[in-house]
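Q: test case, fold it:
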Amino acid sequence: MTINFHDEALAMQDELVERRRDFHRHPELAFQEVRTAGIVATALNELGLEVQTGVGKTGVIGMLEGDHDGPTLLVRADMDALPILEENKTDYVSSNSGVMHACGHDGHTTIGLAVARMLSERRSDIHGRIKFVFQPAEEIGQGAQAMISDGALTSPRPDYSIGLHLWNDMPIGEVGVTAGPCMSAADIWRCTITGRGGHGANPNQTRDPILAAAQVITALQSIVSRNVDALDSAVVTVGSLHAGDAFNVIPDTAELKGTLRTYLKSTKDLVHQRVREICEGVAAAMGCAADLELIPMTVTVNNNPDIADRIAGIAARQVGSNNVHRDVRTMGSEDVSLFMDDIPGCYFFVGSANAERGLNYPHHNARFDIDEAALPIAAAILADAAASFVIP
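A: Residues are numbered from 1 along each chain as shown. Okay, here's the model as predicted:
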């Protein structure tokens, strides 16, 4: 069945913009999305969906049952914001000081509700069901697992999964759909280097953990350049170094924190091994000891090739084949990967940047904003993609 979701979504544009701006004005951090979840639950109830709240603390699930038997499709949208003080001057700027939708999740929630509305009007055509999953805490990589632990992938278990990300690395009117890995696995690492503190004037009496930490930081940069295959991808980042509080005191400890990003498990294992060897070995060489903690965060977002091809074709109908890019990858991570880990699916990118209007600041920037014309484009593609699984 051919359905003109493009025109339907376009007719909803004013409503989509109004809803997205409301979410933008009232951002909520991970596991605090009480207002957002309440709006989502109310909207889904009004559409006649079977609604569960409090899934993974603040997550919401809306089940749309079709009139005919068929597969179960999971459609996911995330809801949380970031701890950033917004610097935009719009009339929909964040009213929650120090909290901001700087990644597009306000748009994702809006799009998810629009798709639920369009498809809820077609129950008689639906063969199977659609499980709309509105997820908390994506920004800290914990929301998907929290919902899964509360049964999001049961009763019934989805057969397929899809989702999207508004993407300010891509101009509006363009779409990225990649077969295979498209977003990296992410791990957190923490290393405490312990030496022996003392007076800054007598470093010979100490085992300086700051000096050891500096050597560790430098050595870690050799992992990507000298250990990882040049045709593979990895990132080793030190995001934090804290040691001492006084100018004339060498402290006992120094703490490093950072993130590791990889696509392949073999590369992940290699990076983990080298980080451990460097932290422990370099610290020992400097007369210190290193205690390393590696914390898994997300797995790779790995798109099913057949589903990616299907969505690429659907996107081409909406924006033209020349505007659909089949090799858009990022070392950014997404815990949607946990929903997709053993469920065939596809997570794709919808361009939301407009440089001429100054709407091209990167994600997680205090000036981030989107061209809201991306909302109906994304809603039409996601609705069309969902329909392709459940409407013959």
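Q: for Ala43, which non-adjacent residue is spatially closest?
A: Residue nearest to Ala43 in three dimensions, not counting chain neighbours: Leu113, with 5.2 Å by Cβ to Cβ, 6 or more residues apart in numbering. Where C-beta positions appear, they are placed from N, C-alpha and C, glycine not excepted.
Q: dihedrals phi and psi, that neighbour?
A: Here is the backbone geometry of Leu113 (degrees, to the nearest 10): phi -70, psi -40.
Q: what about it, distance to Tyr347?
A: 19 Å (Cβ to Cβ, to the nearest Å).
Q: can you check Gly313 too?
A: On the measure of Cβ to Cβ, Gly313 and Tyr347 end up 17 Å apart.
Q: neighbour count for these two, which is higher?
A: Tyr347 (25 against 15; other Cβ atoms under 10 Å).
Q: so after the helix or strand where that one lies, what's the next helix or strand?
A: Assigned by DSSP states H and E, Tyr347 belongs to strand 345-353. Sequence order places helix 374-390 as the next helix or strand after strand 345-353, per DSSP H and E.
Q: mind listing the strands for the stretch 201-350 of the chain?
A: 234-242, 249-250, 253-262, 289-298, 301-303, 324-325, 345-353 (DSSP state E, counting those that start in this stretch).
Q: return the most buried member of these.
A: strand 345-353 (a mean of 27; mean count of other Cβ atoms under 10 Å).
Q: thinking Gln135 is in contact with Ala144, fair?
A: Yes - with contact defined as Cβ atoms under 8 Å, Gln135 and Ala144 form a contacting pair (6.0 Å).
Q: what's the overlap in contacts for those two?
A: Contact criterion Cβ atoms under 8 Å, 6 or more residues apart in numbering; residues shared by Gln135 and Ala144: 56, 335-336.
Q: circling back: the more surrounded of Gln135 and Ala144?
A: Gln135 (32 against 28).
Q: now do the contacts for the more buried one.
A: 56, 59, 76-79, 143-144, 147, 335-336.
Q: hang on, the earlier thing: quick one: strands adjacent to the strand holding Tyr347?
A: Strand 345-353 has the following strand partners under DSSP bridges: strand 160-171 (parallel), strand 175-176 (antiparallel).
Q: wait, which of these is closest to Leu256?
A: strand 160-171 (28.7 Å; Cβ to Cβ).
Q: and the angle from that closest one to helix 374-390?
A: Counting by axes from the mean of the first three to the mean of the last three Cα atoms, to 10 degrees, strand 160-171 lies at 150 degrees to helix 374-390.
Q: would you mark the buried spots in strand 160-171?
A: Of all the residues in strand 160-171, those buried under the rule 16 or more other Cβ atoms under 10 Å are 160-168, 170-171.
Q: from Thr259, how far out is Gln273?
A: 17 Å.
Q: ok, back up a step: save the shared contacts of Gln135 and Ala144 as TSV, and put in distance to Thr298 and pLDDT too.
A: Conversion of these to TSV gives the following (distance: Cβ to Cβ, whole Å; pLDDT from 0 to 100):
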residue	distance to Thr298	pLDDT
Gly56	15	98
Asp335	5	98
Val336	9	98
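Q: neighbour count added to the residues you listed, as JSON lines?
A: Listed next are these as JSON lines, based on neighbours: other Cβ atoms under 10 Å:
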{"residue": "Gly56", "neighbour count": "23"}
{"residue": "Asp335", "neighbour count": "28"}
{"residue": "Val336", "neighbour count": "27"}
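Q: nearest to Ile3, out of those residues: which one, please.
A: Nearest to Ile3, judged by Cβ to Cβ, of these is Val336 at 25.2 Å.
Q: ok, now which ones touch the closest one?
A: Val336 neighbours (Cβ under 8 Å, 6+ apart): 76, 78, 135, 138, 144, 161, 163, 301, 347.
Q: likewise Glu33?
A: Contacts of Glu33 by Cβ under 8 Å, 6+ apart are 58, 79-80, 136.
Q: out of those residues, which is nearest to Ala11?
A: Nearest member of these to Ala11, counting by Cβ to Cβ, is Met79, at 24.8 Å.
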